[in-house]
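Asks: quick one: sequence plus predicted model below, questions after.
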Amino acid sequence: MRPITDRTLVICLVLFAALAAGAFVAHNSVAVAQRKDEITHQQFINAREQHKNTVGVVSRLANTANTVEEWQNVLSHASALPPDAKEYFTARANIGQLEALAGERDRLFLNAGELFAANEKDPEIRNVLEKSRQLHKSAETIIQKLSGISNDPDWVLSLNYRKAYEKYRSLAFLDPKEHDKALDVIDDALSDLRGANKVVPKNNTVELAIEFLYKRAKEEEKARGGGQATGRPRALPPRGQQDGPGTGGQDRQRRH
C-alpha cells in the first residue's frame, strides 16, 4: 500500500470539507423550508381567526338581522372591515334597513286603510299617516345611498323598480284634491320604470308596473276632470290584496 501523499491528503481534506458543507447546507435548507411552512401555517391561522372576529361577526349579524336597529348594528360593525367586505355589508345593511322601513310603513298604511273603512273621519288616520311619512323619508334617504354604487343591469333594474314603488306609495301623503301633484308623482315613477326597462328590456315585472301606473294616471285624470275626491288616501294597500306597481290589483287585464 502506497503512502498517502501530501497532494492526496489535501484533495481528501477539500472533498471532506465540501461534503460537510453540502450536508450543512442541505440540513439548513430543510430547516428553512420547515420554518417557512410553520410561518405560513401560523399566518393562515391568524388570518382565519381575524376573519372570524371581523367579517365572520358581521356576517352572523347580517344573517339574523330583521329590524332597522339590527341592520344599523351591522352597518356600524361593517365600517371597520377591509374595503371589499365593507362595501358589501354596507350595501346589504342599507337594503335591509330599506326593507324594514318600507315593511313597517306599509303595515301602517294597512292600518290607515282599515281605520278609514271603519270611520272616514277618524283623527287617528292622520296620526298613522304621519308616522308612515317619517319612515318613508328614512327609506328615501337610504335609496339615495344605494344609487350609483353599481352599473350591473340587474342592480339598476331592481333599484329603479324600487324607486318607482316608493314614489307610488308616497301618493298616500297627498291631499285627495291634489290631482296635479299626484300625476307628477306617477309620471316620475314611470320615468324610473322606463329606466329599468332600458337596461333590461321586456322585463315582465317592469312592464306590468308600467301598465299599472298608466291605469292609475287615467283614474287620476278622470278624478281631476270630474272634481272627484273621495277623501281616502291614495296608494293604501287593501287587506288581502296586492296593490302597487307590478300588481295592478285584481281588476287589471294582463297582456301576457
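Replies: Received it, and whenever you're ready, just let me know what you need. Please read all numbers here as calculations on a predicted model, not as lab measurements.

Asks: now I125: how far from N111?
Replies: The spacing between I125 and N111, counted by Cβ to Cβ, to the nearest Å, is 9 Å. Quick note: C-beta positions are derived from backbone N, CA and C, even for glycine.

Asks: residue contacts, P233?
Replies: Counting by Cβ atoms under 8 Å, 6 or more residues apart in numbering, P233 touches 112-113, 116, 125, 129, 171-174, 176.

Asks: an error on my part: the question was meant for E124.
Replies: L115.

Asks: what's the answer for S150, then?
Replies: By Cβ under 8 Å, 6+ apart, the contact list for S150 reads V156.

Asks: secondary structure element holding it?
Replies: S150 is part of no helix or strand, with elements assigned from DSSP states H and E.

Asks: how much space between it and V199?
Replies: 11 Å.

Asks: what touches both of those two?
Replies: Shared contacts of S150 and V199, defined by Cβ under 8 Å, 6+ apart, comprise V156.

Asks: I'd say D122 and G113 touch.
Replies: No. Assessed by Cβ atoms under 8 Å, D122 is found out of contact with G113, at 11.4 Å.

Asks: which one's more surrounded, those two?
Replies: More neighbours surround G113 than the other of D122 and G113, with 21 against 15 (other Cβ atoms under 10 Å).

Asks: distance check, the residue lying closest to A139 once chain neighbours are set aside against E166.
Replies: Leaving aside its sequence neighbours, A139 sits nearest to L101 (Cβ to Cβ, 6 or more residues apart in numbering; 4.4 Å). Separation of L101 from E166 (Cβ to Cβ) stands at 10 Å.

Asks: give me the subset of the contacts of P233 that lies in helices.
Replies: Using DSSP state H, the members of the contacts of P233 that fall within helices are 112-113, 116, 125, 129.

Asks: scan those and report the most crowded one.
Replies: A112 (24 neighbours).

Asks: what number of residues lie near T64?
Replies: T64 has 8 neighbouring residues, counting by other Cβ under 10 Å.

Asks: quick one: it and E70 touch, right?
Replies: Yes. Counting by Cβ under 8 Å, T64 touches E70, with 7.4 Å between them.

Asks: poorly predicted segments of the stretch 51-200 of the chain, please.
Replies: 51-54 (pLDDT under 70).

Asks: now the helices for it?
Replies: Here the stretch 51-200 of the chain has its helices, by DSSP state H, counting those that start in this stretch, at 55-64, 68-78, 83-118, 124-146, 153-169, 179-199.

Asks: indicate which one of those is closest to A217.
Replies: Among these, the nearest to A217 by Cβ to Cβ is helix 179-199 (4.9 Å).

Asks: how far is that closest one from where the chain is centred?
Replies: 22 Å (Cα atoms, centre = their mean, to the nearest Å).
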